[in-house]
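**Student:** Everything below, folded, please.
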Amino acid sequence: MTSNQALVSQSRPKVWFVDDLPENLERFRKGHEKHFAVRLFGSPAEVLDALKTDCPDALLCDIFFYGTLAEVQDIEQKITAKAKELRDFAATIHANDAGCQLGINLIEEVAEKFGRKPPFPIYAYTSKGPYMLESEALDRIWQAGAKLMLKGRRGVESERLEIIADVRKAQDEMHWKKKVRKCLAAAGVGGIVLGWLIGRLLDQLWSAAS
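**Tutor:** Got it, this is the predicted structure:
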């Protein structure tokens with residue numbers, strides 16, 4: 001690794017993405033290279049080899065890998081056609097009409113009630129959402145700080161472990177910030193103000209670490 005590459009990895013998270021379709025790799029690079037030190041891989045074997053000498057801050061993996069590029073492109077075209085069928089069907093059931101997305105409205109209202117920092121995890125728990133919603137609706141969910149959980153697509157134990165982990169994380173965050181603010185507040189009014197300012201900083205640091 002050159003000194004310039006080392007400097008980039010320090011200033012931006014190292015994000016690795018593995019996919020067997022070159023178009024997907026290039027799209028990811030263009031979309032994220034301003035904020036991440038992106039490294040692309042065309043196969044799982046390349047990732048395993050790279051891990052012998054380096055380690056990312058985050059790893060994104062495609063799920064399906066096929067034999068040849070021609071096969072990959074053919075399958076991608078078929079998937080695109082099916083996705084269009086789903087979008088057309090979504091229009092017939094008004095999936096992207098605002099009046100039918102009251103769950104997203106609720107998520108946003110709850111998030112706003114707590115200044116977009118709710119002291120508990122929020123999930124968009126849906127079976128149809130990933131297939132029916134346009135990107136704008138999905139963005140609203142993420143921007144409100146909620147997570148997408150696929151209803152009926154995972155085992156109960158898997159859901160339970162994720163919920164427990166997220167609940168503990170939220171409780172740890174609240175406990176940590178309350179403890180810091182309490183200690184600072186003991187110093188008097190100046191400590192209260194300082195505690196509030198540091199609390200805001202802690203919010204930002206915790207969000208960045210998440």
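**Student:** And for stretch 152-165, what's in contact with it?
**Tutor:** 121, 123, 127, 149 (C-beta atoms under 8 Å, 6 or more residues apart in numbering). To be clear about C-beta, it is placed using only N, CA and C from the backbone, and glycine gets the same treatment.
**Student:** ok, the first one - contacts?
**Tutor:** Spelled out, it's residue 121. Residue 121 touches 147, 163, 166, 167, 169, 170, counting by C-beta under 8 Å, 6+ apart.
**Student:** at 10 Å what do you get?
**Tutor:** 145, 146, 147, 149, 162, 163, 165, 166, 167, 168, 169, 170 (C-beta atoms under 10 Å, 6 or more residues apart in numbering).
**Student:** what bridges to the third one?
**Tutor:** Using DSSP bridges, the bridge partners assigned to residue 147 are residue 123.
**Student:** Let me know how buried it is, in neighbour terms.
**Tutor:** 14 (other C-beta atoms under 10 Å).
**Student:** What ranges does the protein have for its strands?
**Tutor:** 14-18, 37-41, 58-61, 123-126, 147-150 (DSSP state E).
**Student:** closest to residue 135 out of these?
**Tutor:** strand 147-150 (12.7 Å; C-beta to C-beta).
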